[in-house]
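**Q** Return a 3D structure for these sequence lines:
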Amino acid sequence: LDADNYETDPCLKEIREAENYSWMDIITIEKDKLPNYEEKIKTFYEEHLHLDDEIRYILDGSGYFDVRDKDDKWIRIFMEKGDMITLPAGIYHRFTLDENNYVKAMRLFVGEPVWTAYNRPADHFPARKQYMQFLAEAAQ
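**A** Numbers count the residues shown, from 1 in each chain. Model prediction:
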């Protein structure tokens, strides 16, 4: 994806239309730009899940998404400018910045955004159960 021209990037437009990502905003995670920076950084790093997919497109800077594998071990995913990730509903994850302490990301949603994060343990939610079923079926 062309992060320098995201407003007019035809590939991003195609993805948004194909996946029905109808809502978006841009967040800059940087000490002087994000209100309640320290609190937000701690919140992002708490292991949690969402009931909807989490879609992030890195427009500038870099950071890490950590996700759990099928054996409940961490996998670290380095994200930098031009990268997009979709974390499925029900997957435990967390986010942290790298040593540059800066990332600018587009947040995409299907429909209205839901920002609620459920810290672990949150295994009782249907989204978690569906995700675990998906993992079990994928392993077969």
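
**Q** OK, contacts around residue 95?
**A** Neighbour list for residue 95: 44, 45, 63, 64, 65, 66 [criterion: CB atoms under 8 Å, 6 or more residues apart in numbering]. (C-beta placed from N, C-alpha, C; glycine too.)

**Q** please redo it, this time with the cut-off set to 7 Å
**A** Residues near residue 95 by CB atoms under 7 Å, 6 or more residues apart in numbering: 44, 45, 63, 64, 65.

**Q** Filter these down to just the ones in strands.
**A** 63, 64, 65 (DSSP state E).

**Q** How many neighbouring residues does the first one have?
**A** It stands for residue 63. Number of residues near residue 63 (other CB atoms under 10 Å) recorded here: 21.

**Q** any idea how far residue 16 is from it?
**A** 22 Å (CB to CB, to the nearest Å).

**Q** who touches the longest helix along the chain?
**A** Ranked by number of residues, the top helix in the chain under DSSP state H is helix 126-139. With CB under 7 Å, 6+ apart as the test, helix 126-139 has contacts from 49, 51, 70, 88, 89, 90, 91, 122.

**Q** Farthest-apart pair in the residues you listed, please.
**A** Between any two of the contacts of helix 126-139, the greatest separation by CB to CB is 20.9 Å, found for 51 and 70.
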